[in-house]
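Peer 1: Sequence below, structure please.
(one chain, ligands or ions: 1)
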Amino acid sequence: MASEVKDWPRAIAHLDMDAFYASVELRRRPELRGKPVIVCGSGPRAVVTTASYEARKLAGIHSAMPAATARRRLPDAVYLTPDFPAYREASEEVMEVLRSNVETVEVVGLDEAYLDLTGLFSPKATMRRIAAEIREVTGGLTCSVGISESRLLAKITSELGKPAGLVVLSREDGLARFAEGSPGLVPGIGPKTVRRLEEMGATTLTQLRERWSREELEARFGPRSGAWLYHRARLEDNTPVTTSREIKSQSAETTFDHDVADLGQLERQLGELAEELCRRLRKRDLRGRSIGIKVRLDDWTNVSRSHSVAEATNDPEVVRPVALDLLRAYDPPRPVRLLGVRVASFEHDAGAEGRTGADGPDADDAEGEGEGEPQLRLSLPS
Ligand SMILES: [Mg+2]
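Peer 2: Predicted structure coming up:
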């Protein structure tokens, strides 16, 4: 017997816009409706950013597929270059609808957000209303919504109703529904971990739960990742929905038009970057204890160096000299292509312990949650 949403300890929705970039393009070019539309870059290494549902159905085009493959499979599709300012604008319209309806909204990308609906009389009715309002405000853009007991399950659930669906799934129902499913269907469990689990005889979530104790998983994957896997296998996740995503570090960097070999010139640039970075930190009231530099040489070697100071800071009189010392100590052996400065380990970090949802055993193939540290790119004359 499925439990009722109102009896859950928490009710969380994951809202994901359907084929967002392609849909924004179709909105302003209605003549393209019904045609396969593919948004992708044009360079040799470009990948598909979004494919309309027609393109998906006709030829299995999906995002992250090499654009060259898409062009080969579907040469007659309409290919468009991404127009991020337009997508950002549309995204703002969507997120505004969310924020005006629900107090706790965590935006995790241009087209995705989590909403904490705990305590609402009818989470389902609320989300239905929101989806209708988005459609109206944006001139027809649709979204898919998953409602469940955790962020993890809400994320999995929103996929089930695509496009334009609304699905409610309790953890109990999720365990039953995905009993024979691969551990890889759980966000954060990437292909590498799936392979390892298969080698261990855990091809399904049920096998993973029944054959491997928490202790054994911790012994195999390390205490942190083992415990994390143990909870994921049970579709357990207590990560809160937070209004703003925690900022882990801030950096400012510049790529030179011409590679720079002169240390004096590099020092001047680094000084300016440090000033700019501190201005940004002060604006956000962030202070960090770790000060670092990033150097990319003309042969694409990347080097970072960092140093921790006793007290968290955003003072350029502290950050600049530390960054300069790091640069002088490294003394780049080749001309420099890119130079950057970064401040991390912010004061509030200590209070952010205890989140269990964020890191998996292989962060590099974790499902994208729009992580990416916020960066400030500067164009300085070289
Ligand atoms: Mg989407």
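
Peer 1: contacts for the top helix by length along the chain?
Peer 2: When the chain is parsed with DSSP state H, its longest helix is helix 263-283. Outside helix 263-283, the residues that touch it by Cβ atoms under 8 Å, 6 or more residues apart in numbering are 250-254, 260, 287-288, 293, 314-316, 319-320, 323-324, 327-328, 331-332, 336, 339-343, 376, 378, 380, 382. Quick note: C-beta positions are derived from backbone N, CA and C, even for glycine.

Peer 1: 6 Å - rerun?
Peer 2: For helix 263-283, contacts defined as Cβ atoms under 6 Å, 6 or more residues apart in numbering pick out 250, 252, 260, 314, 316, 319-320, 323-324, 327, 336, 339, 341, 376, 378, 380.

Peer 1: Going by proximity to the ion, name the top residue of the stretch 51-200 of the chain.
Peer 2: Using Cβ to the ion, the closest approach of the stretch 51-200 of the chain to the ion is made by Asp111 at 4.3 Å.

Peer 1: how much space between that residue and Glu92?
Peer 2: 12 Å (Cβ to Cβ, to the nearest Å).

Peer 1: tell me the SS of the closest residue to Ala51 other than its chain neighbours?
Peer 2: Closest residue to Ala51 apart from its sequence neighbours, by Cβ to Cβ, 6 or more residues apart in numbering: Ile61 at 4.1 Å. Following DSSP: H, G, I helix; E, B strand; the rest coil, Ile61 is assigned to coil.

Peer 1: wait, isn't Ile61 in contact with Ala70?
Peer 2: Yes: counting by Cβ atoms under 6 Å, Ala70 is a contact partner of Ile61 at 5.0 Å.

Peer 1: Need phi/psi at Leu235.
Peer 2: phi 50, psi 40 (degrees, to the nearest 10).

Peer 1: do Asn314 as well
Peer 2: Phi and psi for Asn314, reported as degrees, to the nearest 10, are phi -140, psi 30.

Peer 1: Could you list which residues are in contact with it?
Peer 2: Cys278, Leu281, Arg282, Arg287.

Peer 1: let's see 8 Å
Peer 2: Counting by Cβ under 8 Å, 6+ apart, Asn314 makes contact with Cys278, Leu281, Arg282, Leu286, Arg287, Gly288, Val343.

Peer 1: Check the spacing between it and the ion real quick.
Peer 2: As judged by Cβ to the ion, to the nearest Å, Asn314 and the ion stand 35 Å apart.

Peer 1: count of neighbours near the closest residue to that residue other than its chain neighbours?
Peer 2: Residue nearest to Asn314 in three dimensions, not counting chain neighbours: Leu281, with 3.7 Å by Cβ to Cβ, 6+ apart. When neighbours are counted by other Cβ atoms under 10 Å, Leu281 registers 22.

Peer 1: From here on, call the first residue 21.
Peer 2: Okay, residue one is now 21; in that scheme the one you just asked about reads as Leu301.

Peer 1: Roughly how far does the residue of the stretch 71-220 of the chain closest to the ion sit from Thr274?
Peer 2: For Asp131, the distance to Thr274 - Cβ to Cβ - is 30 Å.

Peer 1: Among the two, which residue is more densely surrounded?
Peer 2: Asp131 (24 against 20).

Peer 1: isn't the more buried one right up against Ala39?
Peer 2: No: counting by Cβ atoms under 8 Å, Asp131 sits too far from Ala39 to count as a contact (9.1 Å).

Peer 1: Return the backbone torsion pair for Gly201.
Peer 2: Dihedral angles of Gly201 (phi, psi; degrees, to the nearest 10) stand at phi -80, psi 160.

Peer 1: you'd agree it is up against Leu225?
Peer 2: Yes: taking contacts as Cβ under 8 Å, Gly201 lies within contact range of Leu225: 5.6 Å.

Peer 1: Comparing the two, which residue is more hemmed in?
Peer 2: Between Gly201 and Leu225, counting by other Cβ under 10 Å, Leu225 is the more crowded of the two (25 against 15).

Peer 1: Now do the more buried one, the pLDDT please.
Peer 2: Per-residue pLDDT puts Leu225 at 96.

Peer 1: mind listing the strands for the chain?
Peer 2: 32-37, 57-60, 68-71, 98-100, 125-129, 132-136, 163-168, 186-188, 269-280, 308-317, 322-333, 356-366, 395-397 (DSSP state E).

Peer 1: Ser269 against Val363, yeah?
Peer 2: Yes: assessed by Cβ under 8 Å, Ser269 is found in contact with Val363 at 6.6 Å.

Peer 1: Next one: stretch 35-50, is it in contact with the ion?
Peer 2: Yes: judged by Cβ under 5 Å from the ion, stretch 35-50 comes into contact with the ion at Asp36, Met37, Phe40.

Peer 1: Leaving out sequence neighbours, find the closest residue to the second one.
Peer 2: I take that to be Met37. Per Cβ to Cβ, 6+ apart, closest to Met37 is Asp131, 3.8 Å.

Peer 1: now swap in the last one and tell me
Peer 2: Nearest residue to Phe40, sequence neighbours excluded (Cβ to Cβ, 6+ apart): Asp131, at 3.8 Å.

Peer 1: what do you get for Thr321?
Peer 2: Counting by Cβ to Cβ, 6+ apart, Arg354 is the residue found nearest to Thr321 once chain neighbours are left out, at 7.5 Å.

Peer 1: From what I see, that neighbour and Asp319 are in contact.
Peer 2: Yes: the criterion here is Cβ under 8 Å, and Arg354 meets it with Asp319 at 6.3 Å.

Peer 1: any idea how far Val323 is from Ser269?
Peer 2: The value you get for Val323 to Ser269, if Cβ to Cβ is used, is 17 Å.
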